[in-house]
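**Student:** Pasting a predicted model and its sequence here:
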Amino acid sequence: MTRAPVLVAIVGPTASGKSALGMRVARELGGEIVVCDSTQVYRGFDIGTSKPSAAEQKTVRHHLIDLLEPDELFTAGVYRERAIEVLADLRERGRLPVMTVGTGLYMRALIDGFSETPVRSEEVRTRLRTSMARHGADYLHRALRRIDSSAAKRIGPRDTPKLMRAIEISMLAGKPVSEVQSARRQKLEGFRVIKIGLMPPRTALYERIERRTIEMMDRGWLAEVRALTEKGIPATAKPFSFIGYGDLRAHLEGKNKLPAVVAAIQQATRRYAKRQVTWFRPEKDVKWFEGFGDDAKLSDEALKYLSGEIEHKEISAS
RNA sequence: GGACGGGUGGGUGAGUGGCUAAAACCAGCAGACUGUAAAUCUGCCGCUCCUUGCGGGCUACGUAGGUUCGAAUCCUACCCCGUCCA
């Protein structure tokens, strides 16, 4: 007779207003935000990652941001573990988890889970990289073909990261990746997930991306990058590969003119948004809203939908 | 006014007689993605027709003519752009 707690997940491309909608949902339904974003976990990288402001964090409690130093690595698997801890805490306190999802893989890792796969191993990767250097660029693909031809068919010969991961899994598990991954995924348990999606019209989204980039610059993004650089964080640190950070750093080193950099950032962001759309669109069980999350009418509807769903689920579950 | 260099598809830019609807890269569009995912990779990318084929037709390399079986590629004139000389 336990009422399974609800988990609300808001998906959508960057700049679609997930945070704004999440804030409202959390405020009105007694929730806290569980951020699902691979960039906001890094401390100090705030403006360019659209991290919730201090004011917002004061209004509604946020989780899973500012977890790491710039030189630390993070993975979908680690995200899953951390998120499960947070969810357990929220459940205990009777708070509604409101996930704002920018990183589709992380949400999948949490909700759908992975098959039981070996964790990333730097040793294996170092070895693979050495072999690749010795035997040529197509070494990994040839190797995977020997181990697991169906996986090799699925992954392109130039897709080094995925080839490496596939081989790594095969080696550590002692059986082909395909076999490893055909095992059941370890789904998130104990929550009823309600997914809502934001899908603004493409041109409107792109316009907003363009505007938001300018706003980020106005809010001192460049100064943020300068401060991070002056702290001695190397350009090779992972968060400097996030959209904008590397470009702005290069600009500070006198490499590119600012207007060109801003244009490049806008472009990269548009492309990123497109990839997010490609990822989220086929997602199952999503209630889609064709607009921005900060639109009053849209958030009214979304809220109405959510309240209905939550009530329904809780009644049917008890 | 004169001398050179150059004008190629949305952009950059290869291509000097047939293998060129035109390399490559970028942008754009679509897609894939089970552990670095704001990452990485794949396909398409002049228009059009169908019996969707390494298929047909049309248009295209500043403009207009010409040479040739055949021209983005050669010739002539003209128009632009850049550099230099007056």
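**Tutor:** Thanks, I have the structure now.
**Student:** For RNA strand B, what's its nearest residue on chain A.
**Tutor:** Distances between chain A and RNA strand B by Cβ to the nearest atom of the strand are smallest at A:Gly77, namely 1.7 Å. Where you see a C-beta, it was placed from the backbone N, CA and C, and this is true even at glycine.
**Student:** Pull the distance from the helix or strand hosting that residue to the chain's centre.
**Tutor:** When elements are assigned from DSSP states H and E, A:Gly77 belongs to helix A:76-93. Computed by Cα atoms, centre = their mean, to the nearest Å, the separation of helix A:76-93 from the middle of its chain amounts to 15 Å.
**Student:** Could you do stretch A:93-108 as well?
**Tutor:** 10 Å.
**Student:** can it be found next to RNA strand B?
**Tutor:** Yes: using Cβ under 7 Å from any atom of the strand, stretch A:93-108 comes into contact with RNA strand B via A:Gly102, A:Thr103, A:Gly104, A:Leu105, A:Tyr106, A:Arg108.
**Student:** Just the C-alpha atoms of stretch A:172-179, please, in CSV.
**Tutor:** Below are the C-alpha coordinates for stretch A:172-179, written out as CSV (Å, rounded to 0.1, in the frame of the first residue of the first chain):
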residue,chain,number,x,y,z
LEU,A,172,37.0,-6.3,-18.8
ALA,A,173,33.9,-8.4,-19.0
GLY,A,174,35.6,-11.2,-20.8
LYS,A,175,32.8,-11.3,-23.4
PRO,A,176,31.6,-9.3,-26.4
VAL,A,177,30.0,-5.9,-25.7
SER,A,178,26.9,-6.9,-27.5
GLU,A,179,26.4,-9.8,-25.2
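**Student:** quick one: average pLDDT of it?
**Tutor:** The average pLDDT within stretch A:172-179 is 96.
**Student:** List the buried residues of that stretch.
**Tutor:** By neighbour count on 16 or more other Cβ atoms under 10 Å, the buried set for stretch A:172-179 is A:Leu172, A:Ala173, A:Pro176, A:Val177, A:Ser178.
**Student:** Quickly note the distance from the first one to A:Gly12.
**Tutor:** Put plainly, it is A:Leu172. Distance, A:Leu172 to A:Gly12, using Cβ to Cβ, to the nearest Å: 35 Å.
**Student:** coming back round to it: show me what secondary structure element comes after the helix holding A:Gly77.
**Tutor:** Assigned by DSSP H and E, the successor of helix A:76-93 is strand A:96-101.
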